[in-house]
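Participant: what would the 3D arrangement of this be:
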Amino acid sequence: MAAPQAAGVVALIRAAHPGMSRGAVVAILRNTASGQPCPTALDPGVEFFGAPVQVCRGGSGNNNFYGKGLVNALAASQ
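Facilitator: Next up, the predicted model:
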């Protein structure tokens with residue numbers, strides 16, 4: 001569900017700033033995202049399905065699980 005949410009926020013940015021370059025839209029999307037910390041517990045599927053353990057690396061504003069974080073439609077569209 002991340003892709004449709006990000007696409008919706010991009011549409012809001014484009015509606016507010018129709019002539020903005022692609023790079024500027026990407027920068028707004030990244031810079032206004034709400035940073036997410038690495039999860040503190042293992043995914044329940046690891047034990048239940050025997051899935052491989054994945055290790056989250058990075059901080060609250062940039063890690064290999066959540067990237068820059070969750071898109072923030074209000075912040076991005078203003």
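
Participant: Gly69 and Gly35 touch, don't they?
Facilitator: Yes: if you go by CB atoms under 8 Å, Gly69 and Gly35 touch, sitting 4.2 Å apart. For glycine as for every other residue, the C-beta is placed from the backbone atoms N, C-alpha and C.

Participant: now do the shared contacts for these two.
Facilitator: In terms of CB atoms under 8 Å, 6 or more residues apart in numbering, Gly69 and Gly35 are both contacted by the residues 60-61.

Participant: packing partners of the helix or strand bottoming out on mean pLDDT in the chain?
Facilitator: Using mean pLDDT, DSSP states H and E, helix 44-49 stands out as the lowest-scoring helix or strand of the chain, at a mean of 84. Helix 44-49 sits against no helix or strand, with contacts defined as 3 or more CB pairs under 8 Å, 6 or more residues apart in numbering; DSSP states H and E.

Participant: next SSE after it?
Facilitator: strand 58-59 (DSSP states H and E).

Participant: sheet partners, orientation included, of that following strand?
Facilitator: Taking DSSP bridges as the criterion, strand 58-59 forms sheet pairs with strand 62-63 (antiparallel).

Participant: for the helix or strand following the strand it pairs with, the distance to its chain's centre please.
Facilitator: Per DSSP H and E, the first helix or strand lying C-terminal to strand 62-63 is helix 73-77. Centre-to-centre, helix 73-77 and its host chain are 13 Å apart (CA atoms, centre = their mean, to the nearest Å).

Participant: cool, and stretch 58-69?
Facilitator: The chain centre lies 8 Å from the centre of stretch 58-69; the measure is CA atoms, centre = their mean.

Participant: that's all I had, so thanks and see you.
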